[in-house]
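1. Next come a sequence and a model predicted from it.
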Amino acid sequence: MRKSIATVSLSGTLIEKLEAIAAAGFDGVEIFENDLLFYNGPVRDVRRYAADLGLSIDLFQPFRDFEGVSDEQHKRNLARAERKFDLMGELGAPLMLVCSNVGTDVSDDDARAAAQLYELAEHAARHQLKIGYEALSWGTRVRTFDHAWRIVETANHPHLGLILDSFHTLALPDDWSSLAGLPGQRIFFVQLADAPRLGMTPLTLSRHFRSFPGQGDFDVPGFLRAVLATGYAGTISLEIFSDETRSALPRLTAEDAFRSLRFLEEQVRSEPARQGNTSGMMRRRVELFDPPPPPVIRGIRFVEFAVDQRNEEPFAVLLGQLGFRRLGRHRSKEVSLFGQGDIRIVVNREPDSFAESYFLMHGPSVCALALETNDALAALGRAEAYGVARFDGRIGPNELAIPAIRSDAGSLIYFSDHEIAANFETDFEVEPEAASRSPLLTRIDHIAEALPDGRLDSTVLFYRAVLGLEPEASVVLADPYGLVHSKAVSNCERTLRMPLNISESRNTVTARSVSNYAGAGVHHIALATDDILAAADTLKMRGAEILRIPVNYYDDIQARFGLDDKRLDALRDANILYDRDGDGEFLHFYTMPFQDRFYFEIVQRLGGYDSYGAPNAPVRMAALAATRMSARDLAEL
Ligand code: MG
Ligand code: MG
């Protein structure tokens, strides 16, 4: 379908916005009046610049508080409209969005509103322009598309049509099944937005929390399916106002926006209809995005760390304390493979490689994840269809080429499959019997990432659209220095789990992690064990530094969960945290951060516990902050 976006959806100047919108692949834009007011130059230049970028100007908006007014006010409104029609002529915008009146003195006589809109359409027709009437969900009289449609139908002017906006329809609890029965040729434009269900008024939700389709909780695919059932074959356009996008770079927002529309089209094409006139689907006249299907992701094949010569040995020592053995060295590169159980860790200090450039930017850190999929090349093809750049690394003679993409955060995601996995270890000189011992840790449980401000929704969309992962519920965690928002994405078998964290304050552990990393990055890697007390004992014996948990914490969990004294003592001695959900239990402890970059978490899940110990996050973050404080105190002594 033709794709457009309202300039209000992006941050930046009008020119920056147009450039970002064109670069992302959009066909057109809706120009918001404020963007013109702030533009310091002739309006004709905007028209020419958009044309040079290959963008059509589809719509001019908003024109407010027009219909259902007194005759006197109506005259003034028409005069006001005439000035905007002149402006639209210069801009080359064919359609004006008139939103339903939110004034205090609005007539409830639909015939009056219809007559006034008819007259406006007459004026517009003289300029060869059209009027689209949109119901705002907080309009004084007109709040729903069917009410707006009744007025448009009554006015019955060829230059007057309806504008639909998924936000206004889906923000209200009303049944919207009649939408699919509208005549498609009378719908002049369709705007799309999603939002989380936060239990606030549509107005507040709209001003601060609108998001791109696929980022919120609204049934935007169902809405678009109903729109297509009307026979509508025009443009779909995004109109977002959000606190997140206001602080994000326009280029990134535009890329997310475009990806969200493609993902929406894919969902509309593949999901069964839930609401609306399904038989009307036969009338669909548009092409919908059709990428290779989402990969089946079975889990994490390996985690790759970038280190330098100075960090390599201390990191190998830490891995040894965690029970990893060096399985082998790469045949031609400065790369080692470590493993135990199903966990494989690649440590890369190859000069002049991606790992090195990542290290220079971020310090010792996770530079890549390899995902186990059913078909690595299909996964790569899908990612590319969603506008993600593929990564081609330097390959030595007889080395395996693993399909890879660059994640939103700049690290790599490799796609491995049966064939690639079978060949993977042949790149390494594997030491005989290296993997034969019974493992202390068995598999990767989850990998937590810290994200820069304003990037949570877009990162979730990336994982949903590109990798087919599903988002879990959002949680808010309290750090001693501010709030951290967390949302995990996972595959359905839960063999890939990635909690994503974002901080509102600059001083939280999450925010420090983001600024230390110069961007987003993995801040902890959680590894599963079948016996956490034994794991804690062994780590201690091997000299691993464990994050110390304040003793008061244990009084609290005894009060909350009534654990017996013996068990509680064992947990306290080992600095193990505890959570329970129904019959499920979660036990976990942390190593001290490595070079202030990342740390390991050791976890044991019992009885089907399915979460991440969120109630313990505050004590973990406070304990981390305390060690940082004492390190600073020591440094100052
Ligand atoms: Mg709208
Ligand atoms: Mg964790």
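-> Here it is on my side, so go on. Residues are numbered from 1 along each chain as shown. Ligands and ions are numbered 1, 2, ... in the order given.
2. For ligand 1, give me its nearest residue in this protein.
-> Asp165 (3.7 Å; Cβ to the ion). Just so you know, the C-beta spots here come from the backbone N, C-alpha and C atoms, and that holds for glycine as well.
3. in what helix or strand does His588 lie?
-> Using DSSP states H and E, His588 falls within strand 584-590.
4. Do any residues in that strand lie close to ligand 2?
-> No - judged by Cβ under 5 Å from the ion, strand 584-590 and ligand 2 are separated, with a smallest distance of 6.9 Å.
5. Could you list the buried residues of the helix or strand that comes right after that strand?
-> Downstream of strand 584-590, the first helix or strand assigned by DSSP H and E is strand 599-606. Within strand 599-606, the residues scored as buried using 16 or more other Cβ atoms under 10 Å are Tyr599, Phe600, Glu601, Ile602, Val603, Gln604, Arg605.
6. which strands and helices sit next to strand 599-606?
-> Judged by 3 or more Cβ pairs under 8 Å, 6 or more residues apart in numbering; DSSP states H and E, the packing partners of strand 599-606 are strand 443-451, strand 521-528, helix 532-541, strand 584-590.
7. Off-centre distance for it?
-> 26 Å (Cα atoms, centre = their mean, to the nearest Å).
8. Give the full set of residues in contact with Leu117.
-> Counting by Cβ atoms under 8 Å, 6 or more residues apart in numbering, Leu117 makes contact with Phe66, Glu67, Val98, Ile131, Tyr133, Ile151, Val152, Ala155, His157, Leu160.
9. Quick check, pLDDT for the third one.
-> According to the model's per-residue confidence, Val98 sits at a pLDDT of 98.
10. got the buried residues for stretch 127-139?
-> His127, Leu129, Lys130, Ile131, Gly132, Tyr133, Glu134, Ala135, Leu136, Ser137, Trp138, Gly139.
11. nope, stretch 296-311 is what I meant
-> So for stretch 296-311, counting by 16+ other Cβ under 10 Å, buried means 296-307, 311.
12. Give me the average confidence score over the strand or helix carrying Met88.
-> According to DSSP H and E, Met88 maps onto helix 71-91. The pLDDT scores in helix 71-91 average 97.
13. Any residue of the helix or strand following it touching ligand 1?
-> With elements assigned by DSSP H and E, the helix or strand that comes after helix 71-91 is strand 95-99. No - against ligand 1, strand 95-99 shows no contacts by Cβ under 5 Å from the ion, the least distance being 6.8 Å.
14. mind listing what's buried in the helix or strand following strand 95-99?
-> Later in the chain than strand 95-99, the nearest helix or strand by DSSP H and E is helix 110-126. Burial within helix 110-126, assessed by neighbour count using 16+ other Cβ under 10 Å, is assigned to 110, 112-121, 123-124.
15. what would those residues look like in JSON lines with pLDDT and distance to Lys75?
-> As requested, the buried residues of helix 110-126 are exported to JSON lines (pLDDT from 0 to 100; distance: Cβ to Cβ, whole Å):
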{"residue": "Asp110", "pLDDT": "97", "distance to Lys75": "21"}
{"residue": "Arg112", "pLDDT": "98", "distance to Lys75": "14"}
{"residue": "Ala113", "pLDDT": "98", "distance to Lys75": "16"}
{"residue": "Ala114", "pLDDT": "98", "distance to Lys75": "17"}
{"residue": "Ala115", "pLDDT": "98", "distance to Lys75": "13"}
{"residue": "Gln116", "pLDDT": "98", "distance to Lys75": "10"}
{"residue": "Leu117", "pLDDT": "98", "distance to Lys75": "15"}
{"residue": "Tyr118", "pLDDT": "98", "distance to Lys75": "15"}
{"residue": "Glu119", "pLDDT": "98", "distance to Lys75": "10"}
{"residue": "Leu120", "pLDDT": "98", "distance to Lys75": "12"}
{"residue": "Ala121", "pLDDT": "98", "distance to Lys75": "16"}
{"residue": "His123", "pLDDT": "98", "distance to Lys75": "12"}
{"residue": "Ala124", "pLDDT": "98", "distance to Lys75": "16"}
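16. Domain map for this protein?
-> Listed domain ranges for the chain are 3-281, 297-435, 444-633 (source: automatic domain parsing).
17. Tell me which of the ones you listed lies nearest to Asp290.
-> domain 3-281 (6.5 Å; Cβ to Cβ).
18. that older thread, which two of the contacts of Leu117 have the greatest separation?
-> Longest span within these, Cβ to Cβ: Phe66 and His157, 14.2 Å.
19. So for the two, which residue has more residues nearby?
-> Phe66 (24 against 18; other Cβ atoms under 10 Å).
20. can I assume that one is in contact with Leu120?
-> Yes - under the criterion of Cβ atoms under 8 Å, Phe66 makes contact with Leu120 at 6.6 Å.
21. Can you name the residue of the stretch 151-300 of the chain that approaches ligand 2 most closely?
-> Closest point on the stretch 151-300 of the chain to ligand 2, by Cβ to the ion, is Ile300, at 14.6 Å.
22. For that residue, name its beta-bridge partners.
-> Counting by DSSP bridges, Ile300 is bridged to Leu371.
23. ok, so what distance separates it from Glu472?
-> Separation of Ile300 from Glu472 (Cβ to Cβ, to the nearest Å) stands at 17 Å.
24. And for Leu120?
-> Distance from Leu120 to Glu472, by Cβ to Cβ: 48 Å.
25. Ok, Tyr386 next?
-> On the measure of Cβ to Cβ, Tyr386 and Glu472 end up 21 Å apart.
26. Please state the backbone phi and psi of Gly363?
-> When read as degrees, to the nearest 10, the backbone of Gly363 gives phi 80, psi -170.
27. ok, which residues in the stretch 101-250 of the chain are in contact with ligand 1?
-> So far as Cβ under 5 Å from the ion goes, the stretch 101-250 of the chain lies against ligand 1 at Asp165, Gln191, Glu239.
28. out of these, which are inside strands?
-> Asp165, Gln191 (DSSP state E).
29. any residue of stretch 494-513 up close to ligand 2?
-> No - counting by Cβ under 5 Å from the ion, ligand 2 is not contacted by stretch 494-513; separation bottoms out at 6.2 Å.
30. Would you mark the buried spots in that stretch?
-> 495-503, 508-513.
31. Specify the beta-bridge partners of the residue lying closest to Ala511 once chain neighbours are set aside.
-> Using Cβ to Cβ, 6 or more residues apart in numbering and skipping residues adjacent in sequence, the residue nearest Ala511 is Ser503, 3.9 Å away. Under the criterion DSSP bridges, Ser503 forms beta bridges with Val484.
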